[in-house]
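Student: sequence unknown, structure follows:
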């Protein structure tokens, strides 16, 4: 039975009336493709502490409680005090369980393992009846089964929902716009695909793995002079990689307008499209933040209906795979030969970098604009010092204010000092958000810059 689709931009849906044990299984994000995972972990600064982002929204997503989250690194305690104190957010209990500890836990749950361990018994006795994580891989399914609990999504729903090749087939079947796409079973087949795209007028192309995230699992190449010596084998782990024509101003008759994203929540009966954002991308098209609503919509108001039409189609497809929970559909919007065109790039079937700010922003301020940026510091700072600096600039958000900044996660080093953070700005419009962010950064005593999410 097809789900009901609700299009409610700026309004939060009715999230789960459930409780959960949430495992921040970052090492499982590409399922069994460990080489791709290792690349992501090595490149994202402070990756071990990214799981703490979930703390701020977990009790909003799972409203029944009690909830518990397992993090790969301890959260920054000053920030927790701000979230629960100043913002009056309900927070879950937490425990630190790094990747090795997670593997040990899984091993102890095996039939031959020692299931009498205190930690296992505590988890079985926890009131939560559900288990969830960044993705639902085979390990998470095994954990849930041994604890006599259920996963929010099926394994197949989670993995298929993140598969770009399966989504591409859905777009073809629904006659939705797609990128010019060729397949390469291995690196040796890439040159022929690039040559064909060059003949079609593309100066650039992207080789895209079937499963990837945060800019990993894709490599952009020049079709005239591709450098193929550094192409990783993991791009072909799930099967043929897609070789797609890259649409930007160097393609004939093309002007790139934006890279929007639709935020979704899928329960058993309803697909809710609850916010729409513009992705803030680096020159290499790597995600560095989000803003809502897309700033070019005033100039191109007709794009809204088309974004949500295709977003609804993608959400129905994702629901049919068996995925449940938060997700996002990413697009590119171009103007080709004078006509605007919306094309789905991918679905991320998980909590994404845009999920956290969208849920927090619409919880505190359903109307207005928001902007989220990842800020990396040249030198580390104490968490309380960083919060005090933002407060001293008179832009630290508290409930009831019409504008301000919510720091919702601090990435920390081995000493517990902040090396990067995710900052959400709320304001009346995008100009006000930019002014507030600029005002905060003038207070920082160290050099800083934007970083990937």
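Tutor: That came in fine, so what should we check first? Nothing here was measured: the structure is a model prediction, and the numbers come from that model.

Student: Verify the contact between residue 386 and residue 407 for me.
Tutor: Yes: Residue 386 is within contact range of residue 407, at 7.2 Å (criterion: C-beta atoms under 8 Å). Every C-beta, even on glycine, is put in place using the N, C-alpha and C of the backbone.

Student: what residues are shared contacts of those two?
Tutor: residue 421 (C-beta atoms under 8 Å, 6 or more residues apart in numbering).

Student: Next one: the residue lying closest to residue 313 once chain neighbours are set aside, what pLDDT does it get?
Tutor: Nearest non-adjacent residue to residue 313, counting by C-beta to C-beta, 6 or more residues apart in numbering: residue 174, 5.6 Å away. pLDDT, residue 174: 96.

Student: how many neighbours does residue 174 have?
Tutor: Using other C-beta atoms under 10 Å, residue 174 has 13 neighbouring residues.

Student: Same question for residue 147.
Tutor: Quick note: residue 147 (other C-beta under 10 Å) scores 19 neighbours.

Student: same deal with residue 166?
Tutor: Residues contacting residue 166 under the criterion other C-beta under 10 Å number 16.

Student: quick one: low-confidence ranges for the stretch 51-200 of the chain?
Tutor: Within the stretch 51-200 of the chain, the segments meeting pLDDT under 70 span 110-118.

Student: Recalculate using a threshold of 80.
Tutor: 99, 103, 106, 108-120 (pLDDT under 80).

Student: Straight-line length of stretch 412-422, end to end?
Tutor: 12 Å (C-alpha to C-alpha, to the nearest Å).

Student: oh sorry, the question was meant for stretch 69-79
Tutor: Per C-alpha to C-alpha, stretch 69-79 runs 16 Å from first to last residue.

Student: and that stretch, how far out from the chain's middle?
Tutor: Here the centre of stretch 69-79 is set off from its chain's centre by 19 Å, with C-alpha atoms, centre = their mean, to the nearest Å.

Student: now do stretch 258-266
Tutor: That offset, for stretch 258-266, works out to 10 Å (C-alpha atoms, centre = their mean).

Student: what do you get for stretch 179-199?
Tutor: 28 Å.

Student: Give me the contacts around that stretch.
Tutor: Contacts for stretch 179-199 (C-beta under 8 Å, 6+ apart): 168, 200, 202, 205, 207, 221, 223-224, 226, 228, 231, 233, 235-236, 239-245, 247, 343.

Student: What about those residues, which are in helices?
Tutor: residue 168 (DSSP state H).

Student: Quick one: buried ones out of the contacts of stretch 179-199?
Tutor: 168, 202, 205, 207, 221, 223, 226, 231, 235-236, 240-245, 247 (16 or more other C-beta atoms under 10 Å).

Student: How is this protein divided into domains?
Tutor: 1-11+154-174+252-360, 17-151, 180-245, 368-450 (automatic domain parsing).

Student: low pLDDT regions in the stretch 351-453 of the chain?
Tutor: For the stretch 351-453 of the chain, residues meeting the criterion pLDDT under 80 lie at 443-444, 446, 449-453.

Student: can you give me the helices in it?
Tutor: 355-364, 383-392, 430-441 (DSSP state H, counting those that start in this stretch).

Student: Filter the contacts of stretch 179-199 down to just the ones in strands.
Tutor: Among the contacts of stretch 179-199, the members falling in strands are 205, 207, 221, 241-245, 343 (criterion: DSSP state E).

Student: which one among those gets closest to residue 123?
Tutor: residue 241 (38.6 Å; C-beta to C-beta).

Student: wait, what's in contact with that closest one?
Tutor: 183-184, 190, 207-210, 235.

Student: re earlier: out of the helices of the stretch 351-453 of the chain, which is closest to residue 142?
Tutor: Nearest of these to residue 142, taken as C-beta to C-beta: helix 355-364 at 25.5 Å.

Student: Could you list every helix and strand in contact with the closest one?
Tutor: helix 55-61, strand 270-281, strand 287-292, strand 325-336, strand 369-381, strand 404-412, strand 418-427 (3 or more C-beta pairs under 8 Å, 6 or more residues apart in numbering; DSSP states H and E).

Student: Can I get the ones you listed in a markdown table including distance to residue 140 and mean neighbour count?
Tutor: Shown next, in a markdown table, are the helices and strands packed on helix 355-364 (distance: least, C-beta to C-beta, whole Å; neighbours: other C-beta atoms under 10 Å):
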| stretch | distance to residue 140 | mean neighbour count |
| --- | --- | --- |
| helix 55-61 | 16 | 22 |
| strand 270-281 | 23 | 22 |
| strand 287-292 | 24 | 24 |
| strand 325-336 | 12 | 22 |
| strand 369-381 | 27 | 20 |
| strand 404-412 | 22 | 24 |
| strand 418-427 | 24 | 24 |
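
Student: so which of those comes closest to residue 396?
Tutor: Smallest distance to residue 396 across those (C-beta to C-beta): 6.1 Å, for strand 404-412.

Student: Just want the angle from that closest one to strand 369-381.
Tutor: Angle of strand 404-412 versus strand 369-381, following axes from the mean of the first three to the mean of the last three C-alpha atoms, to 10 degrees, is 40 degrees.

Student: what sits against the residue nearest the centre of the chain?
Tutor: In the chain, the residue lying closest to the centroid (C-alpha atoms, centre = their mean) is residue 352, at 1.7 Å. Neighbouring residues of residue 352 by C-beta under 8 Å, 6+ apart: 326-328.
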